[in-house]
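S.K.: kindly return the folded structure for what I paste below:
(4 chains)
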There are 2 protein chains.
Amino acid sequence: MQSSGKNELTGVKEIARRANVSIGTVDRVLNNRTGVSEKTRNTILKIIEELNYQPNILARTLASKKSLHIAVLIPSVSSETNYWQAPLEGITVAEAEVKPYGMLLEKYFFDQNDKQSFIKQTEIILSKQVDGVLMAPMFMEESSIFADQCKKLMVPYVFINSDIPGHNSLCYVGPDLHHSGSLGAHLMSYLVSGTDQVLIVNISKEIDTLHHLLRKEEGFRAYFDSHNCSNPIVKIDIRDTDYLSVKKELTKVMSKHQIKGIFVTNSRVSSVARFLEESAVKGVKLVGYDFLEDNIEYLKKETIEFLISQKPKEQGYRGIMMLYNFLVHSAVIDQTYYMPIDILTKENYLFYRN
Amino acid sequence: MQSSGKNELTGVKEIARRANVSIGTVDRVLNNRTGVSEKTRNTILKIIEELNYQPNILARTLASKKSLHIAVLIPSVSSETNYWQAPLEGITVAEAEVKPYGMLLEKYFFDQNDKQSFIKQTEIILSKQVDGVLMAPMFMEESSIFADQCKKLMVPYVFINSDIPGHNSLCYVGPDLHHSGSLGAHLMSYLVSGTDQVLIVNISKEIDTLHHLLRKEEGFRAYFDSHNCSNPIVKIDIRDTDYLSVKKELTKVMSKHQIKGIFVTNSRVSSVARFLEESAVKGVKLVGYDFLEDNIEYLKKETIEFLISQKPKEQGYRGIMMLYNFLVHSAVIDQTYYMPIDILTKENYLFYRN
DNA sequence: CTTACTTTCGGGTACGTACACGAAACCATT
DNA sequence: AATGGTTTCGTGTACGTACCCGAAAGTAAG
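M.R.: Presented below is the predicted three-dimensional model:
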């Protein structure tokens, strides 16, 4: 430890000295409060400019007994899928990091299969006084309405995991779904040969979330088109997420077609893997999504060839940090923060960081 | 903004009140300074325990006019390779982040091809009074000596990008070279068929850095062994890094063997790609390392099939943050922080974050 | 020129911690 | 008991900013 360079003439005190006023007046200018004549305000402003004054955040948040309240609105971790565990963890890490700097998080969870639960939570949030919102806009319509209400209250909000374009959120943190699907297709192209049939599987109960899956499907098809692969592509939507339903649908389609590769557009890929294993199907290559325990098991056993993951934990972390940097450091925020599209294999999954 | 929950009875003042002493005494205990009787020290310690007291970092660094001085010792960004640009960027980002909290970085660069320049810089660092060191231990011997000197001075040091095991550094931040090589092999196995010959290329001038490349080669071979791939593996070391030398060596080996896949163990893969293109060789699949502009160009043109990258920028960022968390938050640091092993393709490189 | 009222500003205290200085208490010698 | 020395502790000030209160200056009306 060494003593720092000292005698750097900076801070409100120096500004006050130069402007020949008290620090109180400088303070009023800085926090643009009333009670300063236009003349002195200008001289002070000029001096601030000259000095390139940067307020000391430490002292600021120490002196200010205010806290920033952030509402977090994401799906609950259901027994059906624990995908949202990861973003929640990222949010919790961020929480610990920003807490000493005066940011408090309040978490609200909703049921992915129940729009009403979402609406109810938004009402609660609106009744409180919050300074920012981090949300997963799963339900298009309802999320739009809530976002608009936030905008009216001048409360910045960040979308996470999936986007609703056109609703100028402070930022979107999440995957580029189209390219994500294209990458799936690229990987698949290594696994099948020119004439093999390929199956796309969408497994989702809610129409709203299905919409996101369709963007991946588009990307997938786009790759095969632009690389003039002539593989026939079959596609099914499975609207019941339990294993038996999945099994039934897959059995049907697999008997009808000679499928050599399957692309599952979300984390439910483990159900498909289970099906392949149980029915002892050989030679079918599987590509799917997300670093979940179930999926990794099948990756290890090489039932799943590739998993694509988009750093769900970091999505949560970044989302909070965006709000933090905006509200505390008044930083300029990019409108979209696309997550990297990560490829997981048997060899590298051990080193993966969500 | 809302006012926070207030009247939380915490802080030195509360401790002092409960222990019936002044805050000065509490302060002495907290910073374990001398001048406190064993008895009162124990009562204060107990109260601190009970309250689960966490010192306010803001107030602490505000009141303390000390700064932490960190020395950063990494290769300079040469014209030959700008790999170290990325870690430097990460370090710079971290610098901006920790500066308001009283941490100052001093950067020292050395020439990768000149051990003397490394030694000279370590001497300068030792002559200054620093509180921590982040270094790339490229030269085995010299790095060991420097690390030992740091240890003697009780200065924590973090290794970045490559490790020297057995030198209990505070932490190693970087890739697991063996697994990295295995992944290269896995990817290669998709690109060649059972009997094709595969070429491993090490391009490096310095023996010391060559050592790291050998760890990747081991991993590569290990994969082929454990998956009983019978592909014949050829290997060359190229000790001159300029293009003409690379071209000469490659021409020789390619004419002698029927090579179908090439694995380049570091970022020099673009030289090999250039060779393939200029000599109009077709049907040879190329896998190599690092998200560098030259490499990406060839990835786009599909001359390079896969690039493996290990977040060089984040390595720099994490390295600094390790020291920050250790020195400022006195956090417990894991001994190794392996970076994820990322796979880059034509489809996903756009979204890659170093 | 008062009086009353508004605008503009300075001084003081507080946030939670670090650290220097000096006061009080303790102990051991004469 | 008086002296000197050491250990133990309390008080005060500082870090850079926020915010309150009241003083000074300015303005308008009588």
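S.K.: how much space between A:Ile164 and B:His211?
M.R.: 52 Å (C-beta to C-beta, to the nearest Å). Backbone N, C-alpha and C define where each C-beta goes, glycine included.
S.K.: helices along the stretch 201-350 of chain A, start to end?
M.R.: A:207-226, A:243-256, A:269-278, A:293-300, A:312-327 (DSSP state H, counting those that start in this stretch).
S.K.: how about the strands of the stretch 101-250 of chain A, start to end?
M.R.: A:103-110, A:132-135, A:157-160, A:171-174, A:197-203, A:233-238 (DSSP state E, counting those that start in this stretch).
S.K.: can I get the CA coordinates of the last one in PDB?
M.R.: This points to strand A:233-238. Provided in PDB are the C-alpha atoms of strand A:233-238 (Å, rounded to 0.1, in the frame of the first residue of the first chain):
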ATOM      1  CA  ILE A 233     -36.900 -31.100 -43.500                       C
ATOM      2  CA  VAL A 234     -39.800 -32.400 -41.400                       C
ATOM      3  CA  LYS A 235     -41.100 -30.400 -38.600                       C
ATOM      4  CA  ILE A 236     -43.500 -31.100 -35.600                       C
ATOM      5  CA  ASP A 237     -44.900 -28.900 -32.900                       C
ATOM      6  CA  ILE A 238     -45.500 -30.800 -29.700                       C
END
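S.K.: can you list contacts of it?
M.R.: Outside of strand A:233-238, the residues within contact range by C-beta atoms under 8 Å, 6 or more residues apart in numbering or on different chains are A:197-204, A:210, A:217, A:221, A:224, A:245-246, A:249, A:253, A:257, A:259.
S.K.: buried subset of those residues?
M.R.: A:198-204, A:210, A:217, A:221, A:224, A:246, A:249, A:253, A:259 (16 or more other C-beta atoms under 10 Å in any protein chain shown).
S.K.: re earlier: B:Ser230 is nearest to which of the strands of the stretch 101-250 of chain A?
M.R.: Closest of these to B:Ser230 is strand A:197-203, at 29.5 Å (criterion: C-beta to C-beta).
S.K.: how does chain A divide up, domain by domain?
M.R.: A:12-55, A:68-175+A:312-340, A:177-309 (automatic domain parsing).
S.K.: save these as JSON lines, and put in distance to B:Leu177 and mean pLDDT too.
M.R.: Listed next are these as JSON lines, based on distance: least, C-beta to C-beta, whole Å; pLDDT from 0 to 100:
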{"stretch": "domain A:12-55", "distance to B:Leu177": "42", "mean pLDDT": "92"}
{"stretch": "domain A:68-175+A:312-340", "distance to B:Leu177": "22", "mean pLDDT": "93"}
{"stretch": "domain A:177-309", "distance to B:Leu177": "22", "mean pLDDT": "94"}
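S.K.: so can I have JSON lines of those showing distance to B:Gly316?
M.R.: Shown next, in JSON lines, are those (distance: least, C-beta to C-beta, whole Å):
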{"stretch": "domain A:12-55", "distance to B:Gly316": "24"}
{"stretch": "domain A:68-175+A:312-340", "distance to B:Gly316": "17"}
{"stretch": "domain A:177-309", "distance to B:Gly316": "24"}
